[in-house]
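Asker: No letters, just coordinates:
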């Protein structure tokens, strides 16, 4: 995992364990990074310092943990795990503990994104194709809102940006309308949004 200074372009490799090092997500205060590391054999969720130091393992499962997203207060992380077969969403304290399932009403859930106001989680659902769904952060019945994947919340906790083939789309989660932001880029994946 590399840290890139956007002004100078300087690039520094900060997380370099053997195996998988992926899915880096900065904590709200910028001091920590949640990511997936497989240095112990299985892809598990870790929290490390923003400079790559002090790796602390959060999960210990037979499954693969991925796509961490921080709660706005930095106390919890939502992530995807396939420990029970099909990937589902879980929450875990950022300091460690047990992962708790997030009830969504769907069987295949990946790529969660916690809204800045803390109230909802957007995620990708696979039911035939891929769709964008939203659920209350405490769980419940999720709602599918659009066809696509890789959702990321905007600062207003109302709009989500996501990929849909060769387009980057903007979704209003209140009325369910999507509009293209950019099209014709080839394969678009894993968008993010500054806050």
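Answerer: That came in fine, so what should we check first? Here the structure is a predicted model, which is why all the values come from computation and not from measurement.
Asker: Residues contacting the helix or strand containing residue 3, please?
Answerer: Secondary structure from DSSP states H and E places residue 3 in strand 2-4. Contacts of strand 2-4 from elsewhere in the structure, counted by Cβ atoms under 8 Å, 6 or more residues apart in numbering, are 10, 11, 12, 13, 14, 50, 51, 52. All C-beta spots, glycine's among them, are computed from the backbone N, C-alpha and C.
Asker: Give the closest residue to the fourth one in space, chain neighbours not counted.
Answerer: In space, and not counting its chain neighbours, residue 13 is closest to residue 2: 5.3 Å by Cβ to Cβ, 6 or more residues apart in numbering.
Asker: circling back: parallel or antiparallel, which strands does the strand holding residue 3 pair with?
Answerer: strand 11-13 (antiparallel) (DSSP bridges).
Asker: residues in contact with the strand it pairs with?
Answerer: For strand 11-13, using Cβ under 8 Å, 6+ apart, the contacting residues are 1, 2, 3, 4, 5.
Asker: Start from the N-terminal end of this structure and give the helices.
Answerer: For the chain, no helices are identified by DSSP state H.
Asker: Give me the below-cutoff pLDDT ranges for it.
Answerer: For the chain, no stretch is flagged by pLDDT under 70.
Asker: Mind doing that once more with 80?
Answerer: Along the chain, the model assigns pLDDT under 80 to residues 194-195.
Asker: Apart from its chain neighbours, what residue comes closest to residue 78?
Answerer: Spatial nearest neighbour of residue 78, chain neighbours left out: residue 112 (4.5 Å); criterion: Cβ to Cβ, 6+ apart.
Asker: so that neighbour makes contact with residue 120?
Answerer: No. Using Cβ atoms under 8 Å as the test, residue 112 is too far from residue 120 to be in contact (10.3 Å).
Asker: And these two? Which one has more around it.
Answerer: It is residue 112, of residue 112 and residue 120, that has more neighbours when counted by other Cβ atoms under 10 Å, with 25 against 22.
Asker: follow-up on the earlier one: restricted to buried residues, select the contacts of strand 2-4 in PyMOL.
Answerer: Only the buried entries of the contacts of strand 2-4 go into this PyMOL selection, using 16 or more other Cβ atoms under 10 Å:
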select buried, resi 14+52
